[in-house]
Structure formats: structure tokens, C-alpha cells
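**Student:** Provided below are the primary sequence and the corresponding predicted coordinates.
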Amino acid sequence: MQPNSSQEGTHLRNGLSLTLQAELPSRTTPSGAAGTIHSDANERHPTSDADPTDSADLDSGEPTTSLSELRCLFRWFQKSLPFLIILSAKLVLQHALGLAVGVGLFTTFLDVNQSIQTQVFLQACHAKLHCVWLLLLLVSSTLLLSYTFLPQTLYNCLVFLSPTFEPLGFWEVLWAVGITNFIIKFLCMGIKCLLLLLPASLLNYRAQGRWLLLSEELAQVYQAAAPVPLWFRYLVTYQEADGNPALTVGVLLALLYLILKLLGLYGQCKSLLKTVRIVLKSEHTGTAATRSQCMEAGDVCPICQGEYREPQSLICQHIICDQCIALWFNREKSCPLCPTVITEKVYKWKDGATSAYLQIY
Ligand SMILES: [Zn+2]
Ligand SMILES: [Zn+2]
């Protein structure tokens, strides 16, 4: 704060005037003239030439401190930015192959996932040729991946064996787990394409939804189990060279990981068993509607806007085609025309979607 700002800037209104000539000699003007400060218990009026930061400092120290820390951090970031850019470029160049493979796999996954969902939604109108194309794309991607990383025997991860990485570093494990996860996702999507290619006489839309759900649940359990041997081996052998105490800690960490994993897998297996029960029993969301009921409803399905095909009467008395309602309940719980809840749970994987969650542990 400037030496004379407090003298000139503060104002007195309670009638108590303090002459600071004797008490605060340091706050007098440089010329030595006595300054009279007017103080008020409730109000302060800083002058326009007073530094706003300084006055904030006096009012409350904490916000200004955190603000200045942020400012410091920002200044450090600003100064280091050129070096950070150089470092990032180096890292990108070093891992160019890995990044390119990762981006390629993820975009392929997103594209195929969306296409499968569209084909499931189209039902009888879906293009078999497009499904064949998707299947070929998935198979060739999987084979290409296996062939590219043949020296590391990455395919071993699929059968719960370790690939040939020496030494087994953190990044190698993460890489192997990521690639394995994508391969399992691709295999699962390949199975979904095969299910779509089956004729409707063999697999109707209801059964198709149930099998799509089962294949996804199975793939998720597989994805959760596949990285276990890799991480277990990494945790156990990490500090082996450092001696016995480190090895004990490693074993302890690996066991802890195993317990957590088993608990997670237990939950997933329970969900899988529930799905198997759903697959085995044929579900009904309504009863077959009579001709007069359809006439009353206007003879037009409210979802497909066409003539009724196998009309079903829901518990709320609304009439909808069996196929339309089967697809509707892949995503919703209630009737499409009123808020009546028809099913307890939505099994979202029935629509052919594959989880984008990357299982890295
Ligand atoms: Zn319909
Ligand atoms: Zn309804």
C-alpha cells in the first residue's frame, strides 16, 4: 500500500478524529507533513489510487492467497508451455504406432456398434449384406491385430496366459490389456452380426433380443476376467529384485486385487445367471388383441403407423404390434402411449449395443 493512501483515503464520520502524527510516524507523508486519518468502525472508502489487491489482502487473506497461487500456477504453465509442447510431440512420435492403433480400434468399434444397433432396429428390413460386411471388417481387424503383435503373443491374453513381454512393465501390461479388451469386443460384435444373419424363422425378434443380451453379458464377464493374470503377474513380480519384504508387499497387493476382482466378478455372474433365466423363458408384455379391440384402436399401430401385425393388448389396454412393442421395451419401461409401467427392468443390451467401457484392470 502506498504510504499516504490510508491517510487520504479513509474517512471519519463518528466524530472521533485521530491524529497519527505521534502514533504512526511511518505513515506520514514523505514531506513530513502530519496526516489526519478519519477512521470508521463500519465503513472504509479506499481512494481510487489504492491498489485493489492490497485492499483485498487487508479484508480477507484467504481468497487472495488462493488467487495468487492460481496466478502463479498459470504463470508457470505459460512459461513451460513451449517445453510441454515439445515433450508432447516427442511422446506422440515415440508412441505413434500405439496411438494410431488405439484411435483406429476405437473408431472401428464406434462405427460397427452403431451399425449393429441400426440393423437390429430395422429388423425384417435389415440388410444382410451390410451385416456380412460388418462381420468381415471385424474378423479382418482381429486377425490384423493378432498378426501385427504376433511376436508378443498377445492372443495368449484371450486364453488367460501371459504374452511374451520381458520385462513386464506397467505400460506393456496396460497395452496388452487394452488390445485384449478391443479384441473381445470385436469377437462379441462378430457374434451379434451372426445372430442378425440367422433367418427370422430360426430366430424371431424376441429371441434375437434375448440372445443379443446374453452375448453382451458373457462378453462383459470375459472382458472383466481377461486382464486378471496380467495384472496379477505384474503386481507379484514388480519388486521381486528388491528382496523379500518387497516381494511380500507385492503378493499382498496382488491378493487384494484378486479379492476385489472376485467380488466384481461375483456380481457380474449373478447378473449373467439372471440373463440366462430370461433367455430360457419366453416373456410376454401383453395378451393377443382381438379384432374388435384393434378396430376400436383405429386399426393403426401408434409406433409404426402401419396396419397391426400380431397386435398385443397391454395391461393399460393400448394395442401395439408385437414386434414394435418388443423393440420399444428394449429401451423403455412404460407404455409408449401412457405412463403405465409394463416391465420392471430395461435390458438395454437387447438392442444390439456393445458397451464402450474400456476394461483396463
Ligand atoms: Zn407397429
Ligand atoms: Zn398404455
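**Tutor:** Yes, it's here. Ligands and ions are numbered 1, 2, ... in the order given.
**Student:** and residue 334, its phi and psi?
**Tutor:** Backbone geometry at residue 334, expressed as degrees, to the nearest 10, gives phi -100, psi 170.
**Student:** check residue 320 too.
**Tutor:** phi -140, psi 150.
**Student:** give me the pLDDT value at residue 201.
**Tutor:** In this model, residue 201 is scored at 88, pLDDT.
**Student:** residue 221 now?
**Tutor:** Per-residue pLDDT puts residue 221 at 95.
**Student:** and it, what does it touch?
**Tutor:** Counting by C-beta atoms under 8 Å, 6 or more residues apart in numbering, residue 221 touches 265, 268-269, 272. Backbone N, C-alpha and C define where each C-beta goes, glycine included.
**Student:** for those, which one is nearest ligand 1?
**Tutor:** For the contacts of residue 221, the residue nearest ligand 1 by C-beta to the ion is residue 272; the value is 31.8 Å.
**Student:** so who does the closest one touch?
**Tutor:** Contacts of residue 272 by C-beta under 8 Å, 6+ apart are 217-218, 221.
**Student:** on that earlier part again, could the contacts of residue 221 go into JSON lines alongside secondary structure?
**Tutor:** Converted to JSON lines, those look like this (DSSP: H, G, I helix; E, B strand; the rest coil):
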{"residue": "265", "secondary structure": "helix"}
{"residue": "268", "secondary structure": "helix"}
{"residue": "269", "secondary structure": "helix"}
{"residue": "272", "secondary structure": "helix"}
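**Student:** TSV for these, including pLDDT?
**Tutor:** Putting those into TSV (pLDDT from 0 to 100) gives the following:
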residue	pLDDT
265	95
268	93
269	93
272	92
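**Student:** farthest pair in those residues?
**Tutor:** Greatest spatial distance in the contacts of residue 221: 265 and 272, 9.8 Å, computed using C-beta to C-beta.
**Student:** so residue 307 is in contact with residue 300, correct?
**Tutor:** Yes - Residue 307 is within contact range of residue 300, at 7.2 Å (criterion: C-beta atoms under 8 Å).
**Student:** the residue in the stretch 1-150 of the chain that ligand 1 sits nearest to: what's it in contact with?
**Tutor:** Of all residues in the stretch 1-150 of the chain, residue 123 sits closest to ligand 1, at 10.7 Å by C-beta to the ion. Counting by C-beta under 8 Å, 6+ apart, residue 123 makes contact with 205, 323, 327.
**Student:** ligand 2 contacts on the stretch 201-350 of the chain?
**Tutor:** Within the stretch 201-350 of the chain, the positions near ligand 2 by C-beta under 5 Å from the ion are 316, 318, 335, 337-338, 340.
**Student:** can you flag the buried ones in the residues you listed?
**Tutor:** 318, 335 (16 or more other C-beta atoms under 10 Å).
**Student:** next, check the residues of the stretch 201-350 of the chain next to ligand 2 against the strands and list the overlap.
**Tutor:** Among those, no residue falls in strands (DSSP state E).
**Student:** all helices for this structure, in order.
**Tutor:** 5-9, 52-59, 61-94, 96-122, 128-148, 170-197, 205-225, 228-237, 244-280, 291-296, 322-328 (DSSP state H).
**Student:** so, low pLDDT: which residues of the protein?
**Tutor:** The chain contains residues with pLDDT under 70 at 1-64, 167, 238-244.
**Student:** how does it divide into domains?
**Tutor:** Listed domain ranges for the chain are 1-43, 99-280, 287-351 (source: automatic domain parsing).
**Student:** from the contacts of residue 272, pick the one nearest ligand 2.
**Tutor:** So of the contacts of residue 272, ranked by how close each gets to ligand 2 (C-beta to the ion), first place is residue 217, at 29.4 Å.
**Student:** what sits against the closest one?
**Tutor:** 268, 271-272, 275, 349.
**Student:** for the residues you listed, which PyMOL command selects only the ones that are buried?
**Tutor:** Buried residues within the contacts of residue 217, by 16+ other C-beta under 10 Å, are selected in PyMOL with:
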select buried, resi 268+272+275+349
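**Student:** return the member of the contacts of residue 217 nearest to residue 294.
**Tutor:** residue 349 (31.9 Å).
**Student:** what sits against that closest one?
**Tutor:** 212-213, 216-217, 355.
**Student:** and residue 192, by the same measure?
**Tutor:** Residues in contact with residue 192 (C-beta under 8 Å, 6+ apart) are 116, 212, 215-216, 352, 354.
**Student:** that one and ligand 1, how far apart?
**Tutor:** To ligand 1, residue 192 is 24 Å away according to C-beta to the ion, to the nearest Å.
**Student:** what residues does the stretch 201-350 of the chain have near ligand 1?
**Tutor:** Going by C-beta under 5 Å from the ion, the residues of the stretch 201-350 of the chain near ligand 1 are 301, 303-304, 321, 324.
**Student:** so residue 178 sits right up against residue 101, yeah?
**Tutor:** No - counting by C-beta under 8 Å, residue 178 stays clear of residue 101, with 9.3 Å between them.
**Student:** number of residues surrounding residue 177?
**Tutor:** For residue 177, the tally of surrounding residues (other C-beta atoms under 10 Å) stands at 21.
**Student:** now residue 308
**Tutor:** With neighbours defined by other C-beta under 10 Å, the count for residue 308 comes to 21.
**Student:** quickly note the distance from it to residue 179.
**Tutor:** 49 Å (C-beta to C-beta, to the nearest Å).
**Student:** got it, and residue 329?
**Tutor:** Distance from residue 329 to residue 179, by C-beta to C-beta: 36 Å.
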